[in-house]
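1. following is a predicted model, sequence given first.
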Amino acid sequence: MRACNPLHLRQGGTSVVIEFPTVGVPAIRYWGPDLGVLIAADLASLVEANRPQHRVGDVDEPRAVSLLPLPSDGWTGAPGLEGDRQGLAFSPAFTLTAVDGGPGVSVEGEVGPASVVIRCDDAESGLRLVVEIEITRSGLVRQRMQLHNLGSSSYSLGSLRASFPLADDLTEVLDFTGRWMRERVPQRHTLTVGRHVREGRRGRPGADGSLLLLAGAPGFGFERGQVRGVHVAWSGNHELAAERTVLGGTVITGAELLLPGEIAIAAGDSYRTPWVYASHGDGLDELAGRFHGQVRESARARSGERPVVLNVWEAVYFEHRLDKLVELADIGAEVGAELYMLDDGWFLGRRDDRRALGDWYVDPEVWPEGLDPLIRHVKGRGMGFGIWVEPEMVSVDSELARAHPDWILRPGDRLPPVGKWQHVLDFSNPEVYAYILERLDWLLGSHDLDYLKWDHNRDVLEPGRGGRAVLHEHTLAVYRLIDELRERHPHVDIENCASGGARIDLEILARTERTWTSDCADPLERAMTQKYTGLLLPIEMSGNDISASASHTTGRTSSLDFRAGVALLGYLGIQWDLTRATEVELAELTEWVALYKSHRRLLHSGRAVNTDHADPSLMVRGVVAHDRSEAIFTLAQLTSALAPSAGRVRVPGLDPDARYRVDVVTPGPALRSRAYTEMPWVTSGTTLPGRVLAQSGLEAPVIDPEQVLVVRFSRV
Ligand code: DGJ
């Protein structure tokens, strides 16, 4: 059945040691930094040295926390599996029945396989559990479980959680909250005895959704401090938890959050969980780098470089006038935009956001000759063309809702509360699926389009059909629909948007090229959103637009340098009524776009670095090429520094043994500012070894608040 017990999986700087006990479900006995080659005797000793001991008040034969901690192992925390058969079979006890180690099961002194499939059965409960564990090439550990109903009655599933044991010294929890326009606000807690839970019940991950639940050594930062984190790759409801128990140990878990009665597994049928990913690092950057590696692998391979997007939303909103849209295209092309995005407002009767979602036909009143004249003009200026849709939604005031009220997700006869004057369609209904597929296929097939911005602007509350919850099915159908469209229109890129960043998870990221991280383009707010969304999202997928000087969402005014400097580390866009920009602004914007283009190959492929600068008023972020030949860092002075200067900035991640030419490459007036000229390395550049840059660093120039310095490092 198995070649090696314990089994050592290794890949991408990560080790996982799994023990297969004679009773109960196998247990992860170690996961984290690579342990190197371990002979069988060492692995056995690793397990023995950490054998749980009998303690007064505990069961007589305590077991290590298993992959599915259950009361039948003596576990007293939240069980890995909750469910029943109409009140029976409430407490299963599984026995290992098969292990499939994939190609080349681990043998003494060799690197083990990077995946294993474990099967456990409980004849009395009539259940079979199949757990897949893999280490991805970037060193993420991922788990997915399938629960089979081998009995003769239906099994009602409450929850099925993927668990990872957590070392006792990782006592500081970091998770995220937020809201529309202020996504990803970090919050830290001490993990004491008890269960710390973050639930996403909005039918999408949510602006307040914690992309990750992290636990680390107290004070862990981006550069250092042991940290572990879990993410649920699922765009519906989710649960993340960390639980410290008095007797059994500590776990960190992730799961799809199921609605009551949502998953009734019929006899002979099964339910499969989403992938739950776990990462580790000495510092958050290392942990995030594993996610970036995975997203880069799973996202569709791109042929070219990501274009600079000109999105006309904040320029025109719902006022679609061909002359103005053409003028925007002309100016956009002049400043260097490469893709023109026609946002909301092009379809039947959509004159404001209170109507028409679902009626995906070009509005003949606004567009008497269709979209083609604009598309032709844009293409004539050498740009690609993209268009906005919100496929899952239907306005209360729409032809679609009037014709098919039964297509709306609802708890029973009653409709859920209206949000943003709209409801959510039930994609698990084949008729709905066919209608939306036909409309989107028509849109992409009968126009010369390169890009689709896929929006999702309200929560999915009370998602049911015929009185039963169907969020799980609906979510899978959304994935299927995107996959089908992508197959039919492989050249079309998709932007993932949900009122900004309210739907970010590894499944949606695998199907999209860009994520609009927030509707708030005010750089002061946005700097934080981008930094923390970047724990999951690689820089080249982070949609960052340069907006007008006065932010449309906060009213705050900021300089072009600050707006562009903050947007630089991303998939760049412009969302600004350029017909109102001054000649000077257009010239500066052109310089910023050119700077971005000349470095985007590096920005979009390198390793993201954040320094834990002592003064939080200065945000230091950068991208270092994988071969460490070059790097770009931005020094963003968010507010005024605590001291007269923000102090010494260390530049980690470069080759310590190489020498680097250091140049400030900020375009625009920032460089001409009085304060900078006093620092020789800023005005004339310098050359320093990577080791010196990492350890000694560079004195940050005195920068006024809300300015950014862009610094390039090139190996000499
Ligand atoms: C919300 C998005 O986040 C915006 O960028 C814009 O596309 C609007 N929806 C359009 O309704």
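-> Here it is on my side, so go on. Numbers count the residues shown, from 1 in each chain.

2. ok, the residue in the stretch 151-300 of the chain that the ligand sits nearest to - contacts?
-> Closest approach between the stretch 151-300 of the chain and the ligand, counting by CB to the nearest ligand atom: Trp180, at 8.8 Å. Where C-beta positions appear, they are placed from N, C-alpha and C, glycine not excepted. For Trp180, the contact set (CB atoms under 8 Å, 6 or more residues apart in numbering) comprises Ala207, Ser499, Gly500, Ala502, Asp519.

3. the fourth one: neighbouring residues, count only.
-> Burial measure for Ala502: 26 neighbouring residues, criterion other CB atoms under 10 Å.

4. check the second one too.
-> Here the number of neighbours of Ser499 (other CB under 10 Å) works out to 22.

5. measure the residue lying closest to it once chain neighbours are set aside to Asp353 for me?
-> If the residues on either side of it in the chain are set aside, Ser499 comes closest to Asn457, at 4.9 Å by CB to CB, 6 or more residues apart in numbering. With the distance defined as CB to CB, to the nearest Å, Asn457 ends up 8 Å from Asp353.

6. so Tyr340: helix, strand or coil?
-> Per DSSP: H, G, I helix; E, B strand; the rest coil, the local secondary structure of Tyr340 is strand.

7. I'd say it and Phe385 touch.
-> Yes: proximity of Tyr340 to Phe385 meets the contact threshold set by CB atoms under 8 Å, at 5.5 Å.

8. the residue in the stretch 201-350 of the chain that the ligand sits nearest to: what's it in contact with?
-> Of the residues in the stretch 201-350 of the chain, the one nearest the ligand is Asp344, at a distance of 3.5 Å by CB to the nearest ligand atom. Contacts were defined as CB under 8 Å, 6+ apart; by that measure Asp344 touches Trp313, Tyr317, Phe318, Arg350, Asp353, Trp388, Glu390, Asp455.

9. in a helix, Val478, correct?
-> Yes: counting by three-state DSSP, one finds Val478 located in a helix.

10. may I ask you to name the longest helix in this protein?
-> Taking DSSP state H as the assignment, the helix of the chain that covers the most residues is helix 583-603.

11. can you pull the phi/psi pair for the closest residue to Arg648 other than its chain neighbours?
-> Nearest residue to Arg648, sequence neighbours excluded (CB to CB, 6+ apart): Gly697, at 4.4 Å. With angles defined as degrees, to the nearest 10, Gly697 shows backbone torsions of phi 80, psi -170.

12. the helices in the stretch 151-300 of the chain, which residues?
-> For the stretch 151-300 of the chain, the helices defined by DSSP state H, counting those that start in this stretch occupy 284-298.

13. repeat for the chain
-> Listed in chain order, the helices of the chain (DSSP H) span residues 40-49, 284-298, 313-316, 322-335, 372-380, 399-403, 430-445, 471-488, 506-509, 523-533, 560-567, 583-603, 680-684, 690-695.

14. circling back to that earlier point, so how far is the ligand from the residue nearest to Arg648?
-> Computed with CB to the nearest ligand atom, to the nearest Å, the distance linking Gly697 and the ligand is 38 Å.

15. again with Leu440
-> Distance check for Leu440 against the ligand: by CB to the nearest ligand atom, it reads 16 Å.

16. same check, this time on Ala567
-> Computed with CB to the nearest ligand atom, the distance linking Ala567 and the ligand is 15 Å.

17. okay, now the residue nearest to that residue when sequence neighbours are not counted: neighbour count?
-> Counting by CB to CB, 6+ apart, the nearest residue to Ala567 once its immediate chain neighbours are dropped is Asn544, at 3.8 Å. The tally of other residues near Asn544 (other CB under 10 Å) stands at 28.

18. also Thr515?
-> When neighbours are counted by other CB under 10 Å, Thr515 registers 25.

19. that one contacts Ile504, correct?
-> Yes: shown here, Thr515 and Ile504 form a contact pair, counting by CB under 8 Å, at 6.0 Å.

20. shared neighbours, those two?
-> Among the neighbours of Thr515, those also in contact with Ile504 (CB under 8 Å, 6+ apart) are Asn496, Thr533, Leu537.

21. now neighbour count, pLDDT and distance to Thr192 too, for those, in a markdown table please.
-> Rendered in a markdown table, the data for the shared contacts of Thr515 and Ile504 read as follows (neighbours: other CB atoms under 10 Å; pLDDT from 0 to 100; distance: CB to CB, whole Å):
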| residue | neighbour count | pLDDT | distance to Thr192 |
| --- | --- | --- | --- |
| Asn496 | 26 | 97 | 36 |
| Thr533 | 24 | 98 | 28 |
| Leu537 | 28 | 96 | 31 |
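
22. what is the nearest of those to the ligand?
-> Comparing these against the ligand with CB to the nearest ligand atom picks out Asn496 as the nearest, at 10.5 Å.

23. any stretches of the stretch 551-700 of the chain with poor pLDDT?
-> Applying pLDDT under 70 to the predicted model, the residue ranges of the stretch 551-700 of the chain that meet it are 669-677.

24. without its sequence neighbours, what residue ends up closest to whatever residue of it ends up closest to the ligand?
-> Taking CB to the nearest ligand atom as the measure, the point where the stretch 551-700 of the chain comes nearest the ligand is Gln575, at 7.8 Å. Distances taken as CB to CB, 6+ apart place Asp545 nearest to Gln575, at 3.9 Å, with adjacent residues excluded.
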